[in-house]
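Enquirer: coords below, sequence missing:
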C-alpha cells in the first residue's frame, strides 16, 4: 500500500512539470520545426506603404458566418530579409466602419504584429511599441488564423510576394493541394 501511495504522490508531483509543456487551450503553437531561439534574428524597420487603392483589395474567404469583410491589399504584400510577411489589411465592419492596418506575420513562430493604423485623413500612425503576439485560434482572430494557416505561412512561409497574391486570388495557398 505504501508503495502505491508513493507512486501516486510521485505522479502528482510530475503533473505541473508536464502541463507547462502543453500548449494553452485555443493557442496556435509555433510550427514543429521552430527551435525556440531568436538569438540571431533581427527585425527590419520598414515604413508603411502607400494607402491602399480599392482596385488592389482582395477579400479573404472566411466563411459564411463572418459578418465583417477582411481585405488584403495585394500590392502591399512583401517579405523582408527577416522573413516577415507584411501587408495592408482593410476591415469593413457590418456597421460601416473602416479600419486599415499595416500588419506582419512571423510564420516561423506563429505570431502577428500590427505596425501601423490609419488616421481619419488616411495617413499612417505608426505604433512604436507594437509587439509580436501569438495567433490564438479564437473567433475574433479568424482572419489572422486564415492568413497564417491557409494563405501565407504554408511550409514555413511564402516563397515570394507573387505567391501571396496568387493565394489571395485562389482563396488558399497554391501549395495546399486538397482544399475539400
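Expert: All right, it came through fine. It should be emphasised that the depicted structure is a prediction, and the values quoted were computed from it without experimental measurement.

Enquirer: which residues touch residue 49?
Expert: Counting by CB atoms under 8 Å, 6 or more residues apart in numbering, residue 49 touches 73, 75-76, 78, 88, 102. Every C-beta, even on glycine, is put in place using the N, C-alpha and C of the backbone.

Enquirer: switch to 10 Å and redo it
Expert: 73, 75-78, 86-88, 102, 116, 124 (CB atoms under 10 Å, 6 or more residues apart in numbering).

Enquirer: and stretch 142-149, average pLDDT?
Expert: For stretch 142-149, the mean per-residue pLDDT is 91.

Enquirer: what does stretch 56-66 give?
Expert: The model assigns stretch 56-66 a mean pLDDT of 88.

Enquirer: For it, buried residues please.
Expert: 56-58, 60, 62 (16 or more other CB atoms under 10 Å).

Enquirer: Which residues does that stretch contact?
Expert: By CB under 10 Å, 6+ apart, stretch 56-66 touches 50, 68-77, 88-90, 92, 94, 139, 142-143, 145-147, 150-151, 165, 167-172.

Enquirer: What subset of those residues is buried?
Expert: Applying 16+ other CB under 10 Å to these flags 70-77, 88-90, 92, 142-143, 145-147, 150-151, 165, 167-168, 172 as buried.

Enquirer: Sweet, I'm off.
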